[in-house]
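[1] sharing a model that was predicted from the sequence below.
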Amino acid sequence: MEAPGKHGVLSPELYAQAEARFKQTISSFQETAMMTLRESFAELVGHMVERLSDPTKKFKDTLVGNIRAFMDDFNNLNITDDGALQELVERAKGILSGDLTAQNLRDNNDLRQNVAKQMENVQSIVLNSLVDRPGRKLRIAA
């Protein structure tokens, strides 16, 4: 492979501009991927907190199943190596570890409230991580 501008296809200046645009596009995609993963986790955790915090609210087995499925797939989904989210997912795994089931949560109100409180802490951290992120900058090519 030859250096840019050697055969007149692209001048070094045009090559540098195209490379900068490409890097910006990749950075934007990475930011979007990270934010999408964080938002998905926040929704799952938020739904669990909402359902478990109010003893009058009913919930299905999928309440626990859906968040476990997300956590099981997280390493494959975490294409940006988001360490902060990885820590939160590990914390949530710890909270939901063992033979905790939706039925256990239905049958044991103390367990239900304990899990709700712990997951509320996780929710608070993940929501703060969404607020602290800069907004996306969109540029429309002329």
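    Sure thing, it's come through.
[2] where in the chain is pLDDT low?
    Residues of the chain meeting the criterion pLDDT under 70: 1-8, 132-142.
[3] packing partners for the longest helix along it?
    In the chain, assigned by DSSP state H, the helix with the most residues is helix 12-53. Packing contacts for helix 12-53, counted by 3 or more CB pairs under 8 Å, 6 or more residues apart in numbering; DSSP states H and E, involve helix 62-77, helix 83-95, helix 109-131. (Glycine included, C-beta is placed from N, CA and C.)
[4] distance of residue 44 from residue 13?
    47 Å (CB to CB, to the nearest Å).
[5] between these two, which one's more packed in?
    When neighbours are counted by other CB atoms under 10 Å, residue 44 and residue 13 differ, and residue 44 comes out ahead with 21 against 10.
[6] give me the neighbour count for residue 14.
    12.
[7] residues touching it, list them.
    Under the criterion of CB atoms under 8 Å, 6 or more residues apart in numbering, the contact list for residue 14 is empty.
[8] thinking again about what came up before, dump the helices and strands packed on helix 12-53 to TSV, plus mean neighbour count.
    Putting the helices and strands packed on helix 12-53 into TSV (neighbours: other CB atoms under 10 Å) gives the following:
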stretch	mean neighbour count
helix 62-77	15
helix 83-95	16
helix 109-131	16
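[9] if anything else comes up later, I'll come back, but that's it for now.
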